[in-house]
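A.B. asks: predicted model follows, preceded by the sequence.
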Amino acid sequence: MRFRLSEEHEMIRKMVRDFAKNEVAPTAAARDEEERFERGIFEQMAELGLTGIPWPEEYGGIGSDYLAYCIAVEELSRVCASTGVTLSAHVSLAGWPLYTFGTEEQKQLYLRPLAEGKKIGAYGLTEPGSGSDAGGMKTTAKRDGDHYILNGSKIFITNGGVADIYIVFALTDPGVKHRGTSAFIVEANTPGFSIGKKEAKLGIRSSPTTEIIFEDCRVPARNLLGKEGQGFKIAMQTLDGGRNGIAAQAVGIAQGALDAAAAYAKERRQFGKPIIEQQGIAFKLADMATQVEAARLLTYQAAWLESAGLPYSKESAMSKLFAGDAAMKVTVEAVQVFGGYGYTKDYPVERFMRDAKITQIYEGTQEIQRLVISRILAK
Ligand code: CAA
């Protein structure tokens with residue numbers, strides 16, 4: 001067993017850390033305040049190869065692995081969780097199902113531009129009436145000659161409105177619930193496809209979250225991903241890996257908050273000495289650092305399992321569960337270390353705290369992660 005990253009992973013970490021520090025961090029607070037997504041940052045990520053980290057070069061990627069991808073999401077989220085989730089949804093939720101279930105033609109047509117960062121990807125599963133109960137969706141896809149006609153709507157879509165390619169789930173056979181679900185590749189310029197409400201959010205405010213609407217949206221039959229009826233499994237398997245991307249985001253947020261709190265505690269003096277020398281603060285920081293490290297190890301382990309082609313559903317549910325909770329605890333404590341200053345926008349910890357909350361909710365709530373883990377234990 002080795003607890004050191006390979007040279008390639010260390011190199012990717014350093015590259016993303018430098019990029020995050022120099023190009024992402026300086027505008028993070030303003031983008032959060034203005035709820036502003038910047039395509040330019042995404043394009044810069046593409047130039048570095050981040051948009052196609054785990055995909056082979058033949059599909060426009062850089063041929064690395066899921067661990068490198070998690071390290072990239074972590075380093076971005078350490079300064080800006082919105083940028084972290086932009087990449088996470090793009091790679092895990094759009095690229096992954098295309099890579100895993102796409103035909104050669106679909107991969108060349110859709111995965112390649114995503115991997116090269118010429119296009120942005122998104123994933124549409126959740127509906128107003130079906131969140132945790134993903135199988136309760138209502139959106140339909142009716143076959144009509146060489147097209148499917150989609151009707152319905154999806155909500156809480158990360159990268160909504162800025163994405164060019166959406167992986168969407170709809171019922172081709174409404175009578176048999178999840179066994180009648182199919183997956184589709186929908187281009188944003190398809191007639192009948194439109195963007196609905198954009199959410200105003202507590203955190204990850206520079207990552208757009210919107211509704212997407214299908215009104216007699218005619219999707220070519222060749223854009224069916226996998227087979228008819230296979231959609232629910234595609235959705236679930238996609239989330240298995242996606243959850244670990246969110247765990248990586250949570251680790252990054254927590255690390256960012258810890259870095260800020262530790263630096264502040266060394267400078268801030270009360271009762272004649274730096275507050276890091278006061279046991280109340282010192283022990284808090286020790287607990288925070290331990291949470292971050294444990295979350296990181298679970299996340300890297302799940303990524304390593306996925307890269308090695310081994311089962312990882314349980315481990316990625318565990319990593320998201322633990323890392324999401326760790327991010328919430330650590331960011332709340334970081335605000336506490338800063339005291340009154342932490343509650344202001346003069347420091348980034350209040351943003352980290354707001355951003356952390358979503359990691360306990362999306363890609364399956366913490367309660368759903370427990371369901372997934374316990375069902376695997378029961379098998
Ligand atoms: N891999 C492969 N197949 C799976 C699977 C997995 N991980 N999980 C379930 N399945 C299969 C089951 O084997 C079963 O197959 P059969 O029909 O052949 O028996 C089928 O799927 C149905 O499984 P369940 O009976 O377990 O289904 P369920 O209705 O009880 O739901 C659930 C399971 C885990 C609760 C699921 O609904 C779920 O994950 N809910 C949460 C949804 C979620 O995470 N949403 C996040 C939206 S995306 C998001 O947040 C994105 C963002 O923008 C960042």
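C.D. replies: Good, I have the coordinates.
A.B. asks: residue numbers of the stretch 251-379 of the chain in contact with the ligand?
C.D. replies: Residues of the stretch 251-379 of the chain that fall close to the ligand, judged by CB under 6 Å from any ligand atom: Ser313, Tyr362, Glu363, Gly364, Ile368, Leu371, Val372. Every residue, glycine included, has its C-beta placed from N, CA and C.
A.B. asks: as JSON lines, those with pLDDT would be great.
C.D. replies: Converted to JSON lines, these look like this (pLDDT from 0 to 100):
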{"residue": "Ser313", "pLDDT": "98"}
{"residue": "Tyr362", "pLDDT": "98"}
{"residue": "Glu363", "pLDDT": "98"}
{"residue": "Gly364", "pLDDT": "98"}
{"residue": "Ile368", "pLDDT": "98"}
{"residue": "Leu371", "pLDDT": "98"}
{"residue": "Val372", "pLDDT": "98"}
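A.B. asks: out of these, which end up buried?
C.D. replies: Neighbour-count burial (16 or more other CB atoms under 10 Å) applied to those gives Ser313, Tyr362, Glu363, Gly364, Ile368, Val372.
A.B. asks: how about the residues you listed in a markdown table, adding distance to Ala327 and secondary structure?
C.D. replies: Below are those laid out as a markdown table (distance: CB to CB, whole Å; DSSP: H, G, I helix; E, B strand; the rest coil):
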| residue | distance to Ala327 | secondary structure |
| --- | --- | --- |
| Ser313 | 21 | helix |
| Tyr362 | 13 | coil |
| Glu363 | 14 | coil |
| Gly364 | 15 | coil |
| Ile368 | 17 | helix |
| Val372 | 19 | helix |
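A.B. asks: can you check the pLDDT for the residue of the chain most remote from its centre?
C.D. replies: In the chain, Gly272 marks the outermost C-alpha relative to the chain mean, sitting 43.6 Å out by CA atoms, centre = their mean. As predicted, Gly272 sits at a pLDDT of 98.
A.B. asks: contacts only, for it.
C.D. replies: Residues near Gly272 by CB atoms under 8 Å, 6 or more residues apart in numbering: none.
A.B. asks: stretch 63-76 near the ligand anywhere?
C.D. replies: No. Stretch 63-76 lies out of reach of the ligand by CB under 6 Å from any ligand atom, never closer than 11.7 Å.
A.B. asks: mind checking how far that stretch is from the chain centre?
C.D. replies: 12 Å (CA atoms, centre = their mean, to the nearest Å).
A.B. asks: for it, buried residues please.
C.D. replies: Applying 16+ other CB under 10 Å to stretch 63-76 flags 64-76 as buried.
A.B. asks: report how many residues lie close to Leu310.
C.D. replies: Leu310 is flanked by 10 other residues according to other CB atoms under 10 Å.
A.B. asks: so it belongs to a helix, correct?
C.D. replies: No. With DSSP: H, G, I helix; E, B strand; the rest coil as the criterion, Leu310 is coil rather than part of a helix.
A.B. asks: that older thread, I'd like to know how far the residue farthest from the centre of the chain sits from the ligand.
C.D. replies: According to CB to the nearest ligand atom, to the nearest Å, Gly272 and the ligand sit 47 Å apart.
A.B. asks: shaky segments in the stretch 1-150 of the chain?
C.D. replies: Along the stretch 1-150 of the chain, the parts satisfying pLDDT under 70 run over 1.
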